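Q: based on what follows, work out the 3D shape:
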Amino acid sequence: MADDLRTRESVRRKALWTLSHLMPGDPKAAAILDVLDEIDDQERVDLKLSHPSLDTDAVRKAVQIERHRSSINIVDEASIPQPWRERFLQASIGSTRLIDGPYAHDWEKFLAQWQAETKHLGAHMSARREHER
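A: Predicted structure coming up:
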């Protein structure tokens, strides 16, 4: 299941990055939206089997931020619930971090970006519904 989650979140990350360059209503977005719909369907099934879905506010509250001995705030990675941990890891590929954990400011940046991506995705979904009418 971990490999499925890693693969799913990798595909989602690539789709969201691609979608970010398209305006809502762009016909090129249709295939990407279909991929994201399929991922959401898979996730709904997985979450029913494992644990309930958390929104960004609930995840933010659940995750522990610690002051590292280097005087930098870091995230206790183990406190990030799945699938959010994998989402963060996929979005953070190539980022620097401490051995003891990722930087807290990168976690906050990820959550803010996730909310922006979700809003942009919603605009694409609305445009698709309008087009289907």
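
Q: Leu54 sits in which helix or strand?
A: Leu54 is part of no helix or strand, with elements assigned from DSSP states H and E.

Q: mind starting the numbering at 19 from now?
A: Noted, 19 is the first residue going forward, which turns the last one into Leu72.

Q: so where is this protein shaky, pLDDT-wise?
A: Regions of the chain meeting the criterion pLDDT under 70 cover residues 19, 65-70.

Q: doesn't Glu84 fall inside a strand?
A: Yes - with DSSP: H, G, I helix; E, B strand; the rest coil as the criterion, Glu84 is part of a strand.

Q: could you list everything it pairs with in the sheet?
A: Bridge pairing for Glu84 (DSSP bridges) gives the partners Ile92.

Q: nearest residue to the middle of the chain?
A: Arg105 (4.3 Å; CA atoms, centre = their mean).

Q: in the chain, where's the longest helix?
A: helix 122-150 (DSSP state H).

Q: centre of the chain versus it, how much separation?
A: 10 Å (CA atoms, centre = their mean, to the nearest Å).

Q: can you give me the neighbour number for Arg87?
A: Per other CB atoms under 10 Å, the neighbour tally for Arg87 reads 8. In short, each C-beta sits where N, CA and C put it, glycine included.

Q: next one: it from Ala122, what distance?
A: From Arg87 across to Ala122, the span is 14 Å (CB to CB, to the nearest Å).

Q: which SS class is Asp21?
A: Classified using three-state DSSP, Asp21 is helix.

Q: against Leu37, how distant is it?
A: For Asp21 relative to Leu37 (CB to CB), the value is 24 Å.

Q: which of the two has more neighbours?
A: When Asp21 is set against Leu37 and neighbours are counted by other CB under 10 Å, the residue ahead is Leu37, at 21 against 7.

Q: residues contacting the closest residue to that one other than its chain neighbours?
A: Excluding the flanking residues, the one nearest Leu37 by CB to CB, 6 or more residues apart in numbering is Ile50, at 5.1 Å. For Ile50, the contacting residues are 33, 36-37, 40, by CB atoms under 8 Å, 6 or more residues apart in numbering.

Q: please redo it, this time with the cut-off set to 10 Å
A: Ile50 sits next to 32-37, 40, 44, 139, 142 when contact means CB atoms under 10 Å, 6 or more residues apart in numbering.
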